[in-house]
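Engineer: Fold the stuff below for me.
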Amino acid sequence: MNSFEINKIITAILVTVLVVFGIGKISNIIFDKDDKDIIAYKVEAPEGAAVQASTESSVDITALLAMGDIAHGEKVYKKCKACHSIKQGGGNKIGPALWNVIFRPVGSITDYKYSKALSSYGKEWTWEEMNGFLIKPSTWIKGNKMGFAGLKNEKDRASVILYLNQNSDSPKPLP
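Structural biologist: Just a heads-up that it's a prediction; the model follows:
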């Protein structure tokens with residue numbers, strides 16, 4: 001290989017490096033990244049308009065539960081079995097026992113250490129609360145320690161809620 005070939009290789013490498021860095025510098029000049037405070041289009045809510053919180057449920061719970069099936073709920077509940085017991089008299093696992101959970105106060109099992117978020121929540125596991133929680137526990141009750149992604153499918157959620165209701169000393173009548 002003669003010196004002319006080596007010069008061509010070195011020149012090609014240098015030109016490539018200059019082009020790569022040069023394109024970055026030129027694009028910074030053209031698009032001026034320093035204007036971070038500029039808002040392209042701001043949409044403001046009308047005065048006095050109430051914004052619905054993301055933790056509120058606007059689901060027709062009667063229609064939702066009508067989609068459910070207890071047998072299907074038992075199958076879907078298998079996702080919960082690793083952390084929760086559903087048997088009468090069953091003990092707590094990583095999560096609290098779920099026997100009689102429907103219309104039980106949130107965070108009320110005395111021999112389970114709940115997160116502060118669940119201990120201080122102050123509500124009951126109503127149909128709506130359970131539905132909202134099962135969609136995505138981490139956003140329904142912020143700060144709880146349940147690491148479950150949630151059930152996005154409405155039929156799955158309805159079926160699990162019906163299954164949880166069935167596993168009780170006295171199942172509650174459906175709304």
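
Engineer: In the longest helix belonging to the chain, which residues are buried?
Structural biologist: If you go by DSSP state H, the chain has its longest helix at helix 3-31. Across helix 3-31, burial judged by 16 or more other CB atoms under 10 Å covers no residue at all. Where you see a C-beta, it was placed from the backbone N, CA and C, and this is true even at glycine.

Engineer: Summarise which helices and strands that helix is packed against.
Structural biologist: Applying 3 or more CB pairs under 8 Å, 6 or more residues apart in numbering; DSSP states H and E, one finds that helix 3-31 contacts no other helix or strand.

Engineer: C-terminal to that helix, what's the next element?
Structural biologist: Downstream of helix 3-31, the first helix or strand assigned by DSSP states H and E is helix 61-67.

Engineer: Give me the mean pLDDT for that next one.
Structural biologist: Confidence for helix 61-67, expressed as mean pLDDT, is 91.

Engineer: List the buried residues for it?
Structural biologist: Across helix 61-67, burial judged by 16+ other CB under 10 Å covers Ile61, Leu64, Leu65.

Engineer: where does that helix sit relative to the chain's centre, distance-wise?
Structural biologist: 22 Å (CA atoms, centre = their mean, to the nearest Å).

Engineer: Pull the residues that contact it.
Structural biologist: Trp127, Glu128, Asn131, Glu154, Lys155, Arg157, Ala158, Ser159, Ile161, Leu162, Leu174, Pro175 (CB atoms under 8 Å, 6 or more residues apart in numbering).

Engineer: which among those residues gets closest to Asn92?
Structural biologist: Ile161 (20.6 Å; CB to CB).

Engineer: tell me what the helix or strand harbouring that closest one is packed against?
Structural biologist: Taking DSSP H and E as the definition, Ile161 sits inside helix 154-166. Other elements packing on helix 154-166 under the criterion 3+ CB pairs under 8 Å, 6+ apart are helix 61-67, helix 70-76, helix 127-135.

Engineer: Tabulate those in CSV, adding columns for distance to Ile30.
Structural biologist: Putting the helices and strands packed on helix 154-166 into CSV (distance: least, CB to CB, whole Å) gives the following:
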stretch, distance to Ile30
helix 61-67, 52
helix 70-76, 53
helix 127-135, 44
